[in-house]
Structure formats: structure tokens, C-alpha cells
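Novice: Sequence plus the predicted model coming up.
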Amino acid sequence: MRYQPRCASTSPNTSLRAMTRLFCAALFATTTWMQAQTFTVLHNFSGGLDGSTPYTGLTMDRAGNLYGTAQYGGFQGNDCHLTNGCGTVFKLARQGAGFIFRPLYQFQGFPSGDGANPLGRVIVGPDGALYGTTAYGGENGEGCGGTQPGCGTVFQLTPPPTFCKGVICNWEETRIYNFTGPSDGALPRGEIAFDPAGNLYGTTESGGHGGVAYELTPAQGTWTLTVLYGFNDGLDGGSPLGGVQLDPAGNVYGTTDTGGTGGNGTAFQLLPSGSGWTLNTLYDFQIGSGGFVLLAGLIVGPGGNLYGCTANGAPNGNSVVYEISPSDGGWTYNTLHTFDQSYGGGPAANLVMDAAGNIYGTVRGVAGTGNLYGNVFELTPSSGGWIYTDLHDFTGGSDGANPYSSIVLDSNGNLYGTASAGGTNGYGTVWEITP
């Protein structure tokens, strides 16, 4: 049975003229939900220069502008034709009460060396530039087992050096690291994070023997990569897909999708130890207890509590939202919410917590279940438990479908994210939910 809508317990072929009309049009389609929530489509992707299939969430700067990536679309020359485009980076600039969509960069793929197919969210760095990763591309043309040559990149995007008067103004891309695999990792994806000193942290899905966690350190205009830990797909885990988060002490947290005592992934902590790092496994996921398929990483909440979600695998195939809390020198696992079997194809992106302690996320949805197109949810702490609220059910039509997106909140409590499919063109949407 579906959850009720209130609380329930626990491309180059596209002409510049056409694209200009697209980006300048008012692309708003609004539906009122329960007289308390308003769902608005901010952009419908065309599959052309603006991109296609936005798998990742958005980032917001101090001015309230939104930034994101699309895995496909954009440039389709070089080897990009193999995947219908090498992907894009875009901006939704605030203008009055709405937003104007602007493309920032189109990846060119091999042999240009700039990367291809971003599968991670861009973030705003301490210098105000955008930083992100591409899963493929780079200067290694031998490939790493993917649809594109190259093992992936870490990139920086900066605005044009001079004022641009046009609608389409490409930002300048600098590749700060090209993965070569296997020792330094390959196929970077998931969340990246900066520490206060300006060092950058992330993970790769493969490389090594089961993926790596890495640190990039800037010095005199160059970046040096250090592998913090190489997973071996054994008891320590493997395939860290969700990226990393840091706590105030500089410890690094994440999840692995494979390995561990049950072979179904782990939650881990990396602790600075002398000149290196020590891995601490916080929880081993098992079929029938804590769920599995760990596409999302961890977020750090008050008191050092960690929050995450599984996309599948609790009893009868259900997915869960969970908490891992420090306790007496160890860690305690607690399930906050279980999605029933109709919500198979559960959360696939990092959660977010607001200042009041409410948790927000998306459910990707999956064919053959009662939740075909996914939804947006909120978990509210109440009397020692959590209340689940379904904020929006995607229809697969003009609103979008199948969000693999994390959520970003503004100071007014508005929520923003992406849907990987659907919309008026079938290539995904950017959406807003206002209270």
C-alpha cells in the first residue's frame, strides 16, 4: 500500500537560436500539493546543449544560485556519441522570484582529456570556484572498463575572465587530477568535500582492488593526490559509491557497496593516524537486517551521529533510513524508517538535515513496484521516533521521474533537486518544493 500524502508512522545539432529561446523561456509548471506544498519544475532538459539525465543533486551558493550536472547530453563529437553526449555543468541563476537556466560547460570526452559523464555533484570550493568529478575521460585513453575511454577526472570550473553578454557563456575548466587506475583509483563518483585547509577528499568506485578514498592537496597551482585507503573488497568493503563527508575533527566518513562480513557493504570511518590513515568499520550491512545496495554515503549530524540510507535489502527487499551513533567507544546502528516493499528501488542519494533536525531525501522508484517513478520525503523527529511525510510523488510526466538526487535547502525552507528522467522532453527536470 502506498504511503498517504500526509504523515504516516515510522547537443551540437541544436541551434544556438533555439537554445537561446529555451534558456530564456519561463519554464515553470506548478502543481499545488495538499494546499501546503507547491511543486514547481524549474527546468526541463532537452537532451541537447543543456544536458540530459541529471543523476546528481544541486549545490547552492550564498546568493541562492543553483549548480548541477547532467550525465549525458551536451557535446556529441569525439567519443561522446557513444553515450549520447558527454554531459554538462549548468547553473540556475536567481532572477526575481524565479530562475534562469544557463549552461556552464559541456564535456568533450576523449581525446580532449577534459572528462566525460559526471556522476557526482559539483560543490563550491573555498575560492568560489566549482569543483566536481567525471566518471570517465581524462588523459588515459586505455579506459577503465566503462563506455568511455579514460578513468575519470577531478575538475575545477571558473567564470570567464571577461564579462559575457550572451546567454551561453562557457566557464573555464581546469583538470586538477586525471585518474589512471589501478593504483590511484578509477571512476570517481559520489560526494567530494573540502577540509578547512582547502584539501579535497573523495572516493573512486574502482581502482586498487576495490576502490579508493583519496585526498588532493593544493600547492603552488598544482594538486597532489594521496590515496588514504585502498579497499580490497573483503572485510574492509569495496566500491565506495557515495563519496565522503568530514566531521569537525577531520575524520572522513563513507559507505561501501560491497564487502564487509556479510558481503553487502559497510559504513566506514577514516581516522588520521601519524603520517597515514586508519580504517574503522562502523557497521557491516546484512541482508534481512540493515539493508544493502549502498548508493548513498553518510552525512554527519549533531553529536557526531551519522545518517544514511540503503536502496534495497532489509526484510522482504525493503530499503531503510538509518542512524549510526557513537556509543561507549563504539557505534550503534538504528533503523529510523523502513520503506515497505511497494517502495522498492529506495533512496539512492545522500540525505540532508535541516537546522531543526528534520531529514530529507528522495526515493528513486523502480518498475514493478507501487512506487514506479519515485518521491521526495521528510522524516521529522517526534517523541523518540520519526514521522514520515511524503512531500511529492513523481508521475513520470511533466514533473519528472526517478530522482537519484540529493536535496538542497535554502534559508526559507524551500527544497531543490533533480529527476533523472521524465519532464516534457523525457530527459529529466530540475524541481523546487516550497512550503
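Specialist: Nice, thanks for sending it over. Not measured: the values here are computed from a predicted model. Numbering: from 1, shown residues only.

Novice: isn't there a helix covering residue 81?
Specialist: Yes - with DSSP: H, G, I helix; E, B strand; the rest coil as the criterion, residue 81 is part of a helix.

Novice: Beyond the least confident helix or strand in the chain by mean pLDDT, next helix or strand please.
Specialist: Least confident helix or strand of the chain, by mean pLDDT, DSSP states H and E, is strand 29-33 with a mean of 31. Using DSSP states H and E, the helix or strand that follows strand 29-33 in sequence is strand 37-44.

Novice: Ignoring the adjacent residues along the chain, who's closest to the most centrally placed residue in the chain?
Specialist: Computing the C-alpha centroid of the chain and ranking residues by Cα atoms, centre = their mean puts residue 56 first, at 3.9 Å. Spatial nearest neighbour of residue 56, chain neighbours left out: residue 121 (4.4 Å); criterion: Cβ to Cβ, 6 or more residues apart in numbering. For every residue, glycine as well, the C-beta is placed using N, CA and C.

Novice: so what's the residue nearest to the centre of the chain up against?
Specialist: Contacts for residue 56 (Cβ atoms under 8 Å, 6 or more residues apart in numbering) come out as 68, 69, 71, 118, 119, 120, 121, 349, 404, 405, 406, 418.

Novice: Which residue is the nearest non-sequential neighbour of the second one?
Specialist: The one in question is residue 69. Distance criterion Cβ to Cβ, 6+ apart; nearest residue to residue 69, sequence neighbours excluded, is residue 118 at 4.0 Å.

Novice: Equivalent analysis for the fifth one, please.
Specialist: Of all residues beyond its chain neighbours, the one nearest residue 119 is residue 189 (4.0 Å), with distances taken as Cβ to Cβ, 6+ apart.

Novice: Give me the phi and psi angles of the one you found.
Specialist: Backbone torsions of residue 189, given as degrees, to the nearest 10, read phi -160, psi 180.

Novice: and it, what pLDDT?
Specialist: In the predicted model, residue 189 carries a pLDDT score of 92.

Novice: roughly how far apart are it and residue 99?
Specialist: For residue 189, the distance to residue 99 equals 26 Å [Cβ to Cβ, to the nearest Å].

Novice: Show me which of those two is the more surrounded one.
Specialist: residue 189 (27 against 23; other Cβ atoms under 10 Å).

Novice: Helices of the protein, start to end?
Specialist: Remark: helices assigned in the chain by DSSP state H are 16-24.

Novice: Give me the below-cutoff pLDDT ranges for it.
Specialist: 1-36, 140-143, 145-148, 165-168, 288-290, 314-316, 341-344 (pLDDT under 70).

Novice: picking up where we left off before, for the residue nearest to residue 56, the count of nearby residues, please.
Specialist: When neighbours are counted by other Cβ under 10 Å, residue 121 registers 27.

Novice: Surely it and residue 57 touch.
Specialist: Yes - using Cβ atoms under 8 Å, residue 121 is in contact with residue 57, at 5.1 Å.

Novice: Next, show the common contact partners of these two.
Specialist: Here residue 121 and residue 57 have 68, 406 as joint contacts, going by Cβ under 8 Å, 6+ apart.

Novice: how about stretch 59-74: buried residues?
Specialist: 59, 60, 65, 66, 67, 68, 69, 70, 71, 72, 73, 74 (16 or more other Cβ atoms under 10 Å).

Novice: ok, for the first one, nearest residue in space, not its chain neighbours?
Specialist: Read that as residue 59. residue 67 (4.7 Å).

Novice: wait, the one you found sits on residue 124?
Specialist: Yes - contact criterion Cβ under 8 Å: residue 67 and residue 124 qualify, at 7.4 Å.

Novice: any common contacting residues for the two?
Specialist: Counting by Cβ under 8 Å, 6+ apart, the shared contacts of residue 67 and residue 124 are 59, 61, 130.

Novice: which residues does residue 245 bridge with?
Specialist: residue 253 (DSSP bridges).

Novice: Residue 326 now?
Specialist: Applying DSSP bridges, one finds that residue 326 bridges with residue 331.

Novice: quick one: furthest residue from the center of the protein?
Specialist: The C-alpha centroid of the chain is most remote from residue 328, which lies 32.5 Å away (Cα atoms, centre = their mean).

Novice: Among the buried residues of stretch 59-74, which lie within strands?
Specialist: Among the buried residues of stretch 59-74, the members falling in strands (DSSP state E) are 59, 60, 66, 67, 68, 69, 70.

Novice: Return the residues in contact with the fourth one.
Specialist: Which is residue 67. 58, 59, 60, 61, 89, 90, 91, 92, 104, 122, 124, 130.

Novice: same check, this time on the first one
Specialist: With contacts taken as Cβ under 8 Å, 6+ apart, residue 59 has the following neighbours: 66, 67, 68, 121, 122, 123, 124, 130, 408.
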